[in-house]
Every structure is written in C-alpha cells, then in structure tokens.
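Student: How does the following fold in three dimensions:
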Amino acid sequence: MLRTDLPKIITETLPGPKAQEMINRRKEAIPNAIGCSYPVVIARGEGAMIEDVDGNKFLDWIGGVGVLNIGYSQPEVVEAVKAQADHYFHGMINVVTHEGYIALAEKLAQIAPVKGEKKKAYFANSGAEADENAVKVAKSFTKRPNIIVFSGAFHGRTFLTMTMTSKKAYAAGMGPLANGVFRAQFPYYYRNPEGMPKEKALDYYMKSIEDVFEQCAAADTIAAIVVEPLQGEGGFIPAPIEWVKAVRALCDQHGILLIADEVQSGFCRTGRMFASEYWKEAGVQPDIITTAKSIAAGVPLSAIIARAEIMDAAAPGSIGGTYCGNPLACAASLKTIEIMERDHLAERSCEIGEKVMARYRQMMEKYPVIGDVRGLGGMIGIEFVKDQESKEPAPELTGKVIAECAQNGLMVEGAGTYGNVIRFLAPLVMTDEQLEAGLDIFEKAVADCM
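Tutor: Prediction:
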C-alpha cells in the first residue's frame, strides 16, 4: 500500500519515459516562469508518498510546501468533500449564508491565539490573499497608511505582498511596487554581524525597527508590523522569543498591530496548532493571524483571524470575494482540524522534529559543510556552507544535494536568502520507517555531493 511504502526508483533514468513526455508537454503549455526542477509527474499520492506515472515511488519532504501536514488523500477529508459536493459546490458568503463557513470561523476563533476575548475570522483563497487582507484590516482599524516587514520575509506574489516579500527576484520586471512598505532586519542570529556579542543582538535588531521610525515613517503612521513566527522562504529561521516580546512591547507603545503570518507555520507544523502559541506561552500574542496551506489539506483556502473590534473596522464590501470560504474548502478544513486534534499531530510533529534534529546535529559534526540546523517541531532548516568557520553560503552544493535526493526517491526543497538551506516540511503522518529511510537517503546525498 502506497501510504506505508518506502521510496523506490524502478526506471533506469529520472524522469522516466512517461514522465518525460508529460514534462515536454508542460514546457509547451505552461509559462517558463512557473519553474520546476524535479523529475516527478505525480500519478497518485497517499500519506507522505508519491507514485509517479512510471511507477517510481518518492518520499515527499516538501508536502506541497507545507500544504500536506495530514498527507495526501486523507480518506476522511476525501469523504467530507464528497459529502459537501452532494449538496452544493458553491455558495458565496456575501450572497447566501452556509453553515460550513460559520462553523469554521467559530472553530478558528476558538483555537487561534490572538489577543482579545471575542474573535472573528473570515476567509480568502491563498496565503498571499490572507496577508493582503490582514494589512487592509489593520489599516482600517488604525487609520494609518504604512507597515513594517522584515529581511528574509516571504508574504506572496500579489502586488502588495511581492512588495512585502524581501527577495526581489519574485518581483523582477514588476515595478514600481506598492508604497508604504518599510523593511527592518529579522533576527538571523546565525548570521549576526561579525564580532557582535550575542548579548548585543536583541538591541541591534530592535534598533533596526526604530531606524524605520526615524528614517522612513514615523511610528504613529505604522498600521502593523508583519512577522513570520518562523521564516519560511527566508531560511527556516525561528523568531527568538525575547525579540517577539520586545516587538510586542514596541507595538503596544505606539498603537501598532502585530500580525503573525502563519501561512506556512500553522496547523501543527511547529509542534503547536499555531507557532504563535509559543508566543502566548511566553505571555505575548499577535493581534492578527493569517494562515493557509495545511488549513484544508490541499483545497484552496486561507484565513484571517483577529479580535472582533479589529475585524469590524473594515468598511462594508471592502473584504470578501467570489470563492472565499468555498463550501468544499470549509468542509475539508473542518475535517482536517478535527483529525489534527484527534490524532495529536502537533505532538507527532515534535516527535518527528526531535528525530530529525538529532540526526542533523550528528551530521553537522561529521560534515563541515553543514553550518546550522534550526527550527520548531517538524519545521526544520539545515544550512549548508563552504566551511563552518567562514559560514560562506554554499548554494551550489545545496542544489546538488536536492537533485541527488530526488534521484534516490526523496523530495526536498531549498530555501534561504542565499539559496543554501534545505527545508524539512514532511507530512506529519509519515511512518517511522519512512522517516529513517529518508534520513538515510539525505545523509548519503550530503556525503556524496561534498
């Protein structure tokens, strides 16, 4: 059964003949800008496994870039979507009320660790839409025009969110970009300025926010500060709790809202339902949470959650959209959350993360090309360098490791400002045997590519 199988390549080459034919068709039909370097054409997926059109089996540690925390083709979610489809596919919430939208909003208001007693939620279709909507709501509530984002951030590819995103390769040829978006330094402690004592780091990174107030936009013009609790595209860098506390205090001092972008880190990925639960445990909470990806096991959906007074500040008609909170997506999400809670996937994320971190740390002692390993729960990054002393990024090696893993039935993906991080985003339903097989393939790839 594919769900419990191990990786196995049966074709002489990758891609195999059927996959190559499909990839050739792709090149003729799809824009080149939608890149894909993996030799995989999926025929079916179960759990953490993919079978391609040639019968090769791959262990997927990308998980749709964080979409498949409960794995491919979860049978109960499939049945929930089928049951909803028997009644109706679509019911636009601006026109008719459907119970799935209400029930999901109620559930997210119950579990999301945002500030406030009474909370509300509403839905969009993608992470970028959620982030853009959160900024709209924050501006409506504060009556302020500007926001602060961070180095290494990824928030999407819409007009506003590609401005918010740090890496400008995502906005090549798309300018001019949106106004009122200012950038401060994210606390990337592994790459602190050379010679900086660790005890000086917090002040250094907080000063970069203060510098925005001084040099770009006064504090009383800032509607929100947008933070990924654990940066994804930026290199899987957790926001240090002491820094989060300081940012929360700064926001409170100046009347600024704190937005947690949990598009990639939400839904059990980090060992909590939301990564910002770690913030709550430390005594601070965001004002708004945005989330998407694993919210509905692959059916397009995203959510914005905040206290009622923030949500109700938006003008009538200024939020919402045709497909937002689609009934099929809401049915998938309600069942997904039920399964996550029932099967304790947050705890499973911690178990997987402990095993991966232990193996990665052993590898870091053996292989001088590994500079750092870091993460929360089952969201882990491993950073490759030319040597551990200089910390010079090694993006070429990183690319070779990714390609070598794919050739042996393991799919992993890169990340990081310098293209030298490999992310671990495996489905949390992966078996222990699959995890060990994947770790063996990964370590051999590192050793062979050095």
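
Student: drop to CA atoms for contacts and neighbour counts, all remaining ones
Tutor: Will do.

Student: could you pull out the helices for this structure?
Tutor: For the chain, the helices defined by DSSP state H occupy 17-29, 63-66, 75-85, 99-111, 127-142, 159-164, 201-215, 241-254, 277-281, 308-311, 327-342, 345-366, 395-407, 432-449.

Student: possible to save these as JSON lines with distance to Gly298, mean neighbour count and mean pLDDT?
Tutor: As requested, the helices of the chain are exported to JSON lines (distance: least, Cα to Cα, whole Å; neighbours: other Cα atoms under 10 Å; pLDDT from 0 to 100):
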{"stretch": "helix 17-29", "distance to Gly298": "22", "mean neighbour count": "13", "mean pLDDT": "96"}
{"stretch": "helix 63-66", "distance to Gly298": "8", "mean neighbour count": "23", "mean pLDDT": "95"}
{"stretch": "helix 75-85", "distance to Gly298": "10", "mean neighbour count": "16", "mean pLDDT": "98"}
{"stretch": "helix 99-111", "distance to Gly298": "16", "mean neighbour count": "18", "mean pLDDT": "98"}
{"stretch": "helix 127-142", "distance to Gly298": "12", "mean neighbour count": "24", "mean pLDDT": "98"}
{"stretch": "helix 159-164", "distance to Gly298": "21", "mean neighbour count": "23", "mean pLDDT": "96"}
{"stretch": "helix 201-215", "distance to Gly298": "36", "mean neighbour count": "16", "mean pLDDT": "98"}
{"stretch": "helix 241-254", "distance to Gly298": "30", "mean neighbour count": "16", "mean pLDDT": "98"}
{"stretch": "helix 277-281", "distance to Gly298": "23", "mean neighbour count": "17", "mean pLDDT": "98"}
{"stretch": "helix 308-311", "distance to Gly298": "26", "mean neighbour count": "18", "mean pLDDT": "98"}
{"stretch": "helix 327-342", "distance to Gly298": "9", "mean neighbour count": "22", "mean pLDDT": "98"}
{"stretch": "helix 345-366", "distance to Gly298": "17", "mean neighbour count": "18", "mean pLDDT": "98"}
{"stretch": "helix 395-407", "distance to Gly298": "22", "mean neighbour count": "21", "mean pLDDT": "98"}
{"stretch": "helix 432-449", "distance to Gly298": "22", "mean neighbour count": "17", "mean pLDDT": "98"}
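
Student: For Ala297, find the nearest of those helices.
Tutor: Among those, the nearest to Ala297 by Cα to Cα is helix 327-342 (6.5 Å).

Student: distance between the closest one and the chain's centre?
Tutor: The gap between the average C-alpha position of helix 327-342 and the chain average comes to 18 Å, counting by Cα atoms, centre = their mean, to the nearest Å.

Student: Likewise for stretch 58-74?
Tutor: Averaging C-alpha positions (Cα atoms, centre = their mean) puts stretch 58-74 13 Å from its chain's average.

Student: What of stretch 257-274?
Tutor: Centroid separation between stretch 257-274 and its chain, computed with Cα atoms, centre = their mean, is 8 Å.

Student: One more: stretch 386-398?
Tutor: How far stretch 386-398 lies from its chain's middle: 24 Å, per Cα atoms, centre = their mean.

Student: Same check on stretch 26-35?
Tutor: How far stretch 26-35 lies from its chain's middle: 24 Å, per Cα atoms, centre = their mean.

Student: And for stretch 211-228?
Tutor: Offset of stretch 211-228 from its chain centre (Cα atoms, centre = their mean): 24 Å.

Student: For it, buried residues please.
Tutor: By neighbour count on 16 or more other Cα atoms under 10 Å, the buried set for stretch 211-228 is 212-213, 217, 219, 221-228.

Student: now those residues in JSON lines, with distance to Glu21?
Tutor: Shown next, in JSON lines, are the buried residues of stretch 211-228 (distance: Cα to Cα, whole Å):
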{"residue": "Val212", "distance to Glu21": "52"}
{"residue": "Phe213", "distance to Glu21": "55"}
{"residue": "Ala217", "distance to Glu21": "53"}
{"residue": "Ala219", "distance to Glu21": "56"}
{"residue": "Thr221", "distance to Glu21": "55"}
{"residue": "Ile222", "distance to Glu21": "52"}
{"residue": "Ala223", "distance to Glu21": "50"}
{"residue": "Ala224", "distance to Glu21": "48"}
{"residue": "Ile225", "distance to Glu21": "47"}
{"residue": "Val226", "distance to Glu21": "43"}
{"residue": "Val227", "distance to Glu21": "42"}
{"residue": "Glu228", "distance to Glu21": "39"}
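
Student: Closest to Glu341 out of these?
Tutor: Glu228 (23.2 Å).

Student: Does that closest one touch Ala153 like I think?
Tutor: Yes. With contacts counted by Cα atoms under 8 Å, Glu228 reaches Ala153, the gap being 7.3 Å.

Student: Quick one, grab the pLDDT at the residue nearest to the spatial centre of the chain.
Tutor: The structure's the chain has its C-alpha centroid closest to Gln264; by Cα atoms, centre = their mean the separation is 1.6 Å. Confidence at Gln264, expressed as pLDDT, is 97.

Student: Could you do the one 5 residues further on as well?
Tutor: Per-residue confidence for Arg269 comes out at a pLDDT of 98.

Student: Next up, the contacts around it.
Tutor: Arg269 makes contacts with 66, 69, 275, 346, 349, 377-379, 425, 428, as judged by Cα atoms under 8 Å, 6 or more residues apart in numbering.

Student: Please repeat the previous calculation with a cut-off of 10 Å.
Tutor: 66-70, 262, 275, 294, 345-350, 353, 376-380, 425-428 (Cα atoms under 10 Å, 6 or more residues apart in numbering).

Student: Need phi/psi at it.
Tutor: Backbone torsions of Arg269, given as degrees, to the nearest 10, read phi -60, psi -40.

Student: ok so, going back, make JSON lines from the helices of the chain and add distance to Gly35 to it.
Tutor: Converted to JSON lines, those look like this (distance: least, Cα to Cα, whole Å):
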{"stretch": "helix 17-29", "distance to Gly35": "10"}
{"stretch": "helix 63-66", "distance to Gly35": "14"}
{"stretch": "helix 75-85", "distance to Gly35": "29"}
{"stretch": "helix 99-111", "distance to Gly35": "34"}
{"stretch": "helix 127-142", "distance to Gly35": "19"}
{"stretch": "helix 159-164", "distance to Gly35": "17"}
{"stretch": "helix 201-215", "distance to Gly35": "34"}
{"stretch": "helix 241-254", "distance to Gly35": "35"}
{"stretch": "helix 277-281", "distance to Gly35": "34"}
{"stretch": "helix 308-311", "distance to Gly35": "37"}
{"stretch": "helix 327-342", "distance to Gly35": "27"}
{"stretch": "helix 345-366", "distance to Gly35": "28"}
{"stretch": "helix 395-407", "distance to Gly35": "15"}
{"stretch": "helix 432-449", "distance to Gly35": "23"}
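
Student: Kind regards, and thank you for your time.
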